[in-house]
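# I need the structure of the sequence given here:
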Amino acid sequence: MVVDPAMSHPQHQYNLLIFPLGKTGLNPIACAAYSVNRKHMFGTRDIERLQKNFPPFIGLLGGKLVNLDYQTKSAHFTFDVPTDFCHSVDVIQGGFVTAMLDAAMSHAAFASDDTVMGLSSLEISTRYLDVARAGKLRAIGRVVRMSYKTAFLEGELRGLDDVLIATTQSVAKLSRRKGENPASASTDVSS
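Numbering: from 1, shown residues only. The predicted model follows:
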């Protein structure tokens with residue numbers, strides 16, 4: 001039996017197993033084995049892959065994806081927001097707060113299932129609990145539940161002093177690669 005490491009995927013463990021067939025070499029029929037490593041933490045390669053596809057506004061807001069956690073299906077961002085996106089001297093405009101939270105939530109969905117190619121918010125609700133000021137902030141987005149076409153997401157924005165600034169919940173429509181189904185039709189991390 002030969003295991004092809006090129007077929008290994010960082011989120012799930014995929015191995016292509018090729019069984020020998022006598023003197024003629026390898027069997028043309030390959031058997032794919034699939035297993036999920038629940039304790040896996042995403043690596044640098046996954047973060048770099050997602051950052052390559054960032055929309056420009058994330059960079060304008062000083063955004064950086066710093067961690068992906070498969071177990072909690074979450075994406076962690078840091079933002080260093082300049083005063084260009086503020087009113088009243090250093091207060092970040094609310095739409096930019098929602099945009100940071102939306103970025104974290106959508107990247108949690110992209111990272112938790114690599115068949116997800118696009119995500120469109122159907123509903124998003126943001127609660128502002130404290131003033132968001134220019135400077136360094138942390139946003140965490142999580143997948144609460146994901147079906148084939150819909151994702152339920154949540155997020156929070158905190159200052160570096162860990163004060164909760166805003167929370168959000170979102171329902172999003174998922175676009176997937178044609179011909180591919182996710183490993184499971186529904187993912188629930190709330191239990």
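# could you list the low-pLDDT ranges of the protein?
The model of the chain has pLDDT under 70 over residues 1-45, 179-191.
# longest single helix anywhere in it?
In the chain, taking DSSP state H as the definition, the longest helix is helix 94-112.
# how about it: buried residues?
96-112 (16 or more other CB atoms under 10 Å). The way it works is simple: take the backbone N, C-alpha and C, and place the C-beta from them, glycine included.
# do stretch 59-73 as well
Leu61, Gly62, Gly63, Leu65, Leu68, Asp69, Tyr70, Lys73.
# and the third one, what does it touch?
Counting by CB atoms under 8 Å, 6 or more residues apart in numbering, Gly63 makes contact with Phe54, Phe77, Thr78, Phe79, Met100, Ala103.
# from Pro82, how far off is it?
12 Å (CB to CB, to the nearest Å).
# ditto for the fifth one
Taking CB to CB as the criterion, Leu68 is separated from Pro82 by 26 Å.
# check the first one too.
Leu61 sits 8 Å away from Pro82 when distances are taken as CB to CB.
# do a quick rundown of the helices in the protein.
Using DSSP H, helices in the chain cover 44-52, 56-60, 94-112.
# the longest one vs helix 44-52, what angle?
Pointing back at helix 94-112 there. 140 degrees (axes from the mean of the first three to the mean of the last three CA atoms, to 10 degrees).
# and helix 94-112, what does it pack against?
Helix 94-112 sits against helix 44-52, helix 56-60, strand 64-69, strand 74-81, strand 116-128, strand 135-146, strand 150-159, strand 164-176, with contacts defined as 3 or more CB pairs under 8 Å, 6 or more residues apart in numbering; DSSP states H and E.
# including distance to Asp90, could these go into CSV?
Shown next, in CSV, are the helices and strands packed on helix 94-112 (distance: least, CB to CB, whole Å):
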stretch, distance to Asp90
helix 44-52, 27
helix 56-60, 17
strand 64-69, 21
strand 74-81, 9
strand 116-128, 15
strand 135-146, 8
strand 150-159, 12
strand 164-176, 13
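# picking that back up, tell me the one of the buried residues of stretch 59-73 nearest Ala166?
Nearest to Ala166 out of these is Leu61 (CB to CB; 14.1 Å).
# surely the closest one meets Phe85?
Yes: in this structure, Leu61 is within contact of Phe85 by CB atoms under 8 Å, at 6.6 Å.
# intersection of neighbour lists for the two?
Phe96.
# surely Val91 touches Arg133?
Yes: between Val91 and Arg133 there is a contact under CB under 8 Å: 6.3 Å.
# and these two? Which one has more around it.
For Val91 versus Arg133, the count of surrounding residues by other CB atoms under 10 Å is larger for Arg133: 17 against 14.
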